[in-house]
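Colleague: One predicted model, sequence on top.
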Amino acid sequence: DLKGFAFDLDGVIADTARFHGQAWHQLADKVGTPWTKELADSLKGVSRMDSLELILKAGGHENDYSQEEKVALATEKNDNYVKLVETLTPADILPGMKDFLDELKANHYHIVLASASKNAPKVIKYLQIADYFEGIVDPAKLTHGKPDPEIYTEAAKTMNLPANQVAGLEDAQAGVESINRAGELSIGFGANLQDADVKFNSTGDVSLAAIKQQMSEN
Ligand code: BG6
Ligand code: MG
């Protein structure tokens with residue numbers, strides 16, 4: 001039986017995947033990498049430095065910058081991203097997510113955050129939902145980013161639960177793969193997440209009943 005939920009943040013709880021995209025697009029223009037939907041999608045869930053590498057590689061620029069210059073580029077992207085984050089309010093929580101958090105809390109489920117973003121504590125503060133989470137996995141302490149299972153394995157440990165009692169919620173392929181490899185139940189939002197155990201077109205469709213319904217059909 002499920003006892004805990006590990007939430008991705010960007011693209012699941014708030015539409016901040018759009019902000020990351022905007023800031024990376026600016027960076028891609030600067031280094032001369034064409035911005036495509038495929039490139040944008042491939043960055044979702046991926047850590048800051050790994051995202052930068054993917055953008056440089058996509059334009060054939062992976063050898064054009066020193067490590068120091070790469071850190072400066074990533075810092076510039078982050079500064080632009082943080083400016084966008086500072087505009088967030090509780091109205092930016094995606095449809096259904098506040099209700100779902102309330103439902104989980106009322107039913108005494110464990111709730112943790114499993115975001116690859118070092119800005120996650122700031123984002124949930126602006127959204128005013130920090131109190132729902134009993135823990136936040138610190139991506140700075142991880143050796144491997146999504147799609148490696150490490151972050152969702154850590155999430156289960158934070159809740160003191162075995163993997164088979166944990167579900168993860170994701171909007172990106174890298175995240176769904178991470179959950180699946182951790183041996184947890186994957187819940188995917190949006191198109192192109194064929195590998196998710198439970199799928200919803202929109203965050204507004206999620207509820208405990210809707211999850212159990214799909215699990216009984218599988
Ligand atoms: C993930 C986002 O949640 O966090 C990625 O989906 C982002 O787009 C990653 O690159 C790292 O975020 P940050 O805020 O630490 O640069
Ligand atoms: Mg995401």
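Modeller: Received, thanks. Ligands and ions are numbered 1, 2, ... in the order given.

Colleague: I'd like to know which elements the strand or helix carrying residue 68 is packed against.
Modeller: Per DSSP states H and E: residue 68 is located in helix 67-85. Packing contacts for helix 67-85, counted by 3 or more C-beta pairs under 8 Å, 6 or more residues apart in numbering; DSSP states H and E, involve helix 16-31, helix 48-58, helix 120-127. To be clear about C-beta, it is placed using only N, CA and C from the backbone, and glycine gets the same treatment.

Colleague: Which positions in that helix come out as buried?
Modeller: 70, 73-74, 77-78, 80-81, 85 (16 or more other C-beta atoms under 10 Å).

Colleague: In JSON lines: the helices and strands packed on helix 67-85, plus mean neighbour count and mean pLDDT.
Modeller: Shown next, in JSON lines, are the helices and strands packed on helix 67-85 (neighbours: other C-beta atoms under 10 Å; pLDDT from 0 to 100):
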{"stretch": "helix 16-31", "mean neighbour count": "19", "mean pLDDT": "97"}
{"stretch": "helix 48-58", "mean neighbour count": "19", "mean pLDDT": "97"}
{"stretch": "helix 120-127", "mean neighbour count": "19", "mean pLDDT": "98"}
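
Colleague: Give the full set of residues in contact with the residue lying farthest from the centre of the chain.
Modeller: In the chain, the residue that sits farthest from the middle, by C-alpha atoms, centre = their mean, is residue 64; the gap is 29.2 Å. By C-beta atoms under 8 Å, 6 or more residues apart in numbering, the residues touching residue 64 are 31, 56.

Colleague: Spell out which residues of the protein are next to ligand 2.
Modeller: Contact residues, the chain versus ligand 2 (C-beta under 5 Å from the ion): 8, 10-11, 45, 171-172.

Colleague: any idea which of those is closest to residue 94?
Modeller: residue 11 (8.3 Å; C-beta to C-beta).

Colleague: Hmm, residue 170 and residue 197 touching each other?
Modeller: No - if you go by C-beta atoms under 8 Å, residue 197 and residue 170 don't touch, sitting 10.9 Å apart.

Colleague: For the two, indicate the residue with more neighbours.
Modeller: Using other C-beta atoms under 10 Å as the criterion, residue 197 and residue 170 rank with residue 170 on top: 30 against 18.

Colleague: and the nearest residue to residue 201 once chain neighbours are set aside, how many residues sit next to it?
Modeller: Distance criterion C-beta to C-beta, 6 or more residues apart in numbering; nearest residue to residue 201, sequence neighbours excluded, is residue 190 at 7.0 Å. Residues near residue 190, counting by other C-beta under 10 Å, number 18.

Colleague: Tell me, how many residues neighbour the closest residue to ligand 2 within the chain?
Modeller: Closest residue of the chain to ligand 2, C-beta to the ion: residue 11 (3.6 Å). By the criterion of other C-beta under 10 Å, residue 11 has 24 neighbours.

Colleague: In contact with it, which residues?
Modeller: Residue 11 neighbours (C-beta under 8 Å, 6+ apart): 17, 44, 171-172, 189-190.

Colleague: Closest one of those residues to residue 148?
Modeller: The closest of the contacts of residue 11 to residue 148 turns out to be residue 172 (C-beta to C-beta; 13.7 Å).

Colleague: my guess is the closest one contacts residue 40, does it?
Modeller: No - counting by C-beta under 8 Å, residue 172 stays clear of residue 40, with 10.8 Å between them.
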